[in-house]
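Peer 1: quick one, what's the 3D model for this:
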Amino acid sequence: MSTPEALTERQQLPISKAINEGLRAAMLADPTVVLLGEDIGPLGGVFRVTDGLQRDFGSARVIDTPLAEAGIVGHAIGLAMAGYRPVVEIQFDGFVFPAFNQIVTQLAKLTSRTDGAQPMPVVIRLPYGGHIGAVEHHQESPEAYFAHTAGLRVVAPSNAHDAYWMMQQAISSDDPVIFFEPKAKYWQKGEVDPLALATPLHRTTVVRSGDDCTVVGFGAMVTTLLQAADLAADEGHTLEVIDLRSLSPIDYDPIVASVQKTGRLVVAQEAPGNASLGSEVAATLAERAFYSLQAPPLRVSGFDVPFPPAKLEGVYLPDADRVLEAVDRALNY
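Peer 2: Numbers count the residues shown, from 1 in each chain. Purely as a prediction, here's the structure:
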């Protein structure tokens with residue numbers, strides 16, 4: 001084993017490396033933090049997010065597992081019962097479903113089942129979303145399943161700084177956390193400051209101010225919304241861009257305040273629109289800011305079909321033009 005060292009100064013890091021540094025910091029701070037997953041050891045995972053961690057912390061804390069997602073999550077539940085803080089990597093979003101029973105019927109419910117006596121400090125890392133040209137089961141957005149499940153916390157960083165801090169915050173939680181990682185943005189760089197005060201894990205943030213329309217997203221979609229805001233500015237409109245960061249629970253206060261200012265709301269996501277997270281945000285804002293709305297809340301989403309072959313993902317996934325089309329409809333209502 002090497003001598004592991006924590007990040008000590010500001011650096012420009014890709015999101016994948018920021019998550020790596022967040023895992024490293026958590027492992028240095030707490031010897032009960034252990035990692036489990038397929039090929040996460042010497043290989044460092046298919047996206048190299050755990051690169052170097054087994055070398056630095058040993059194979060007893062960075063555990064290469066068989067290809068058996070239900071077994072991996074079940075093992076993590078047992079480790080949590082024994083006093084550890086396991087972090088599970090699911091290799092791709094579409095591979096989580098063999099473990100779905102363990103997550104929703106055991107992991108999400110054990111603390112409630114024991115009347116609070118048994119915490120479940122398990123983090124499940126889940127690379128999600130499109131834009132990488134992959135095959136079936138490798139590009140999905142299953143966040144609604146988990147946000148719907150009581151007992152789970154669900155978060156999704158959109159930038160390197162948040163990825164670094166949110167990983168550590170998720171690991172420190174006594175509740176299970178589904179940690180969605182936008183795989184299309186793994187290589188997008190941003191400044192990470194290990195000395196800064198971390199934004200609370202479940203805080204919604206305004207990442208760009210505007211007056212004409214509120215646009216809301218999370219993960220990789222935040223980049224798309226910022227691109228749309230740049231294009232809208234060229235046409236004389238200012239969009240207020242909001243990053244949810246937390247999908248369950250959702251901090252609605254900043255969204256309500258924004259809609260009370262702009263009077264319009266567009267919610268964007270990669271997942272299909274039917275019974276989705278975007279639907280929930282739109283419905284809640286219709287309830288809580290009805291008299292401020294000057295147009296119906298609108299959703300921009302993937303289509304209600306299975307994720308298509310890679311050559312068609314550009315048609316399926318929302319882009320800045322589709323966001324702006326919805327913004328135009330809201331402005332012209």
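Peer 1: quick one: low-confidence parts of this structure?
Peer 2: 132-133, 135 (pLDDT under 70).
Peer 1: how is the protein divided into domains?
Peer 2: With automatic domain parsing as the criterion, the domains of the chain are listed as 11-192, 205-331.
Peer 1: partners of V192 in the sheet?
Peer 2: Under DSSP bridges, the beta-bridge partners of V192 are Q11.
Peer 1: list the neighbouring strands of the lengthiest strand in the chain plus their orientation.
Peer 2: In the chain, assigned by DSSP state E, the strand with the most residues is strand 265-272. Each strand paired with strand 265-272, and its direction, by DSSP bridges: strand 213-217 (parallel), strand 298-302 (parallel).
Peer 1: deepest-packed of the ones you listed, please.
Peer 2: Comparing the strands paired with strand 265-272 by mean neighbour count (mean count of other CB atoms under 10 Å), strand 213-217 comes out on top with a mean of 30. No exception for glycine: its C-beta is placed from N, CA and C like everyone else's.
Peer 1: how many neighbouring residues does S246 have?
Peer 2: 22 (other CB atoms under 10 Å).
Peer 1: same question, L43
Peer 2: L43: 13 surrounding residues under other CB under 10 Å.
Peer 1: ok, the one 4 residues further on next?
Peer 2: Using other CB under 10 Å, the number of residues around F47 comes to 20.
Peer 1: for it, what are its contacts?
Peer 2: 16, 127, 183, 186 (CB atoms under 8 Å, 6 or more residues apart in numbering).
Peer 1: separation between the first one and Q168?
Peer 2: By that I understand S16. To Q168, S16 is 16 Å away according to CB to CB, to the nearest Å.
Peer 1: what's the closest of the contacts of F47 to D51?
Peer 2: When the contacts of F47 are ranked by distance to D51 (CB to CB), S16 comes first, at 8.4 Å.
Peer 1: I'd assumed A184 was in contact with that closest one.
Peer 2: No - judged on CB atoms under 8 Å, S16 makes no contact with A184 at a distance of 11.3 Å.
Peer 1: pull out the buried residues from stretch 91-108.
Peer 2: 91-97, 99-100, 102-104, 106-108 (16 or more other CB atoms under 10 Å).
Peer 1: endpoints of it, how far apart?
Peer 2: 21 Å (CA to CA, to the nearest Å).
Peer 1: buried set for stretch 236-249?
Peer 2: 237, 239-248.
Peer 1: just checking, which of the contacts of F47 belong to strands?
Peer 2: P127.
Peer 1: measure stretch 313-323 end to end?
Peer 2: For stretch 313-323, the end-to-end distance is 16 Å (CA to CA).
Peer 1: can you list contacts of that stretch?
Peer 2: By CB under 8 Å, 6+ apart, stretch 313-323 touches 130-131, 133, 139, 215, 221, 224-225, 227-228, 231, 266, 268-270, 300-303, 305, 307-308.
Peer 1: go on, stretch 103-119?
Peer 2: With contacts defined as CB under 8 Å, 6+ apart, stretch 103-119 is touched by 73-74, 76-77, 80-81, 96, 120, 122, 124, 145-146, 149-152, 174-176, 178.
Peer 1: repeat for stretch 61-74
Peer 2: Applying CB under 8 Å, 6+ apart, the contact partners of stretch 61-74 are 27, 31, 33-42, 50, 53-54, 75, 88, 90, 95-99, 101-103, 106-107, 122, 124.
Peer 1: again, only using 7 Å
Peer 2: 27, 34-41, 50, 53-54, 88, 90, 95-96, 98-99, 101-103, 107, 124 (CB atoms under 7 Å, 6 or more residues apart in numbering).
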